[in-house]
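Novice: Fold the following for me, if possible:
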Amino acid sequence: METSALQAFIAVAESGSFSLAGEQLHLTQPAISKRIATLETQLNARLFDRIGRQISLTEAGNTLLPKAYGILAELEDARRQLNNLKGDVGGSLSLSTSHHIGLHRLPPILRQFSRQHPEVALDIHFVDSEVAYEEVIHGQIELGIITLAPQQRARELIYSQKVWSDPLCFVVSSEHPLAHSKALTLQELSQYSAIFPGQNTFTHHIVKGLFNAHHLELTVSMTTNYLETIKMMVSIGLAWSVLPRSMLDDELSEIKLIGANLERDLGYIHHTERTLSNAARAFIDILHSNREGL
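Specialist: Numbering: from 1, shown residues only. So this is what the prediction gives:
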């Protein structure tokens, strides 16, 4: 069984498309189909149901998927161990980060790393923090630089380390009815609609937890996981939201709330049972040197 066939299988399973999998792996669709057909022949099992243009995993495919992730992750782990023996900081470093961290926190880190280790090829993915957790679990990326989960589940085999505190503030536009309020309670704020990241995001869970603690409903009129988009929609008066204090500017007015202090932890994650490459260790060293008073 060739690893290229497993890579093709995972790409089709994740994208739900032979053509998209081909684009991802820089192969033609017939080449992807051939690899899947070879794999199905070797395993004597159909891995995908093909109904019209819809592609879905069969029971056999669902059984194979976590195994395929594991096999490729073990091979990558072996490669890192062998490369680490050389003592060099080189090769490639795959990392995922959120758009917000990529824009507001990572540039000086990346600049320093690239200057110190120009021989390392950075493979950077911009994804939601929650997606980065899954990518680390499956061995798809080595490091995640993300918003850390409010509650870590031990079974996830994830090591997380806080690097930055990210204070959050409640914001509206200068034209919003709440813009000139001296102080509000959560009860008063709950009467107005909000714009928030999706329910599965860590930031949503943090704010929802605050409202739940006070037995209040959070009324969300719109959702998007892009904080810059939320800022724009708030700035034109559509609703209130919670944004990192670093994003506060003349377009937004901060709402002072009684007894409401929120912040997120930003940092890095990696798999506890995978070998870190020398490049990843060097990147982590730079992250530690930039920690904010921790």
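Novice: count of residues packed around P150?
Specialist: 12 (other CB atoms under 10 Å). The way it works is simple: take the backbone N, C-alpha and C, and place the C-beta from them, glycine included.
Novice: For it, list the residues it contacts.
Specialist: 202, 205-206, 209 (CB atoms under 8 Å, 6 or more residues apart in numbering).
Novice: Kindly report the same for W164.
Specialist: 105, 265-267, 291-292.
Novice: now do 10 Å
Specialist: 101, 104-105, 145, 246, 263-267, 287, 290-294 (CB atoms under 10 Å, 6 or more residues apart in numbering).
Novice: Now, those that are in helices?
Specialist: Counting by DSSP state H, the part of the contacts of W164 found in helices is 101, 104, 287.
Novice: Point out where the protein drops to low pLDDT.
Specialist: Residue ranges of the chain with pLDDT under 70: 1, 152-156, 292-294.
Novice: any idea how far the spatially closest residue to H176 that is not a sequence neighbour is from P177?
Specialist: With CB to CB, 6 or more residues apart in numbering as the criterion, H176 has its nearest non-adjacent residue at 5.5 Å, and that residue is G237. Note on G237: its distance to P177, by CB to CB, to the nearest Å, is 9 Å.
Novice: I'd like the contacts of P150 as TSV, with distance to V89 and neighbour count appended.
Specialist: Formatted as TSV, the contacts of P150 follow (distance: CB to CB, whole Å; neighbours: other CB atoms under 10 Å):
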residue	distance to V89	neighbour count
F202	31	20
H205	37	17
I206	36	17
G209	40	13
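Novice: Quick one: name whatever helix or strand follows the longest helix seen in the chain.
Specialist: Secondary structure of the chain per DSSP H: the longest helix is helix 59-85. The element immediately downstream of helix 59-85 (helix or strand, assigned by DSSP states H and E) is strand 92-97.
Novice: Tabulate the CA atom coordinates of that following strand in CSV.
Specialist: Extracted in CSV, the C-alpha atoms of strand 92-97 (Å, rounded to 0.1, in the frame of the first residue of the first chain):
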residue,chain,number,x,y,z
SER,A,92,9.5,22.5,6.2
LEU,A,93,7.4,23.6,9.1
SER,A,94,3.6,23.3,8.8
LEU,A,95,1.5,25.5,11.0
SER,A,96,-2.0,26.7,11.2
THR,A,97,-3.2,30.0,12.6
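Novice: what angle separates it from helix 59-85?
Specialist: 120 degrees (axes from the mean of the first three to the mean of the last three CA atoms, to 10 degrees).
Novice: what pairs with strand 92-97, and is each one parallel or antiparallel?
Specialist: strand 121-126 (parallel), strand 143-147 (parallel) (DSSP bridges).
Novice: Mind checking those for the one nearest to C169?
Specialist: Set against C169 and scored by CB to CB, the strands paired with strand 92-97 come closest in strand 143-147, at 15.8 Å.
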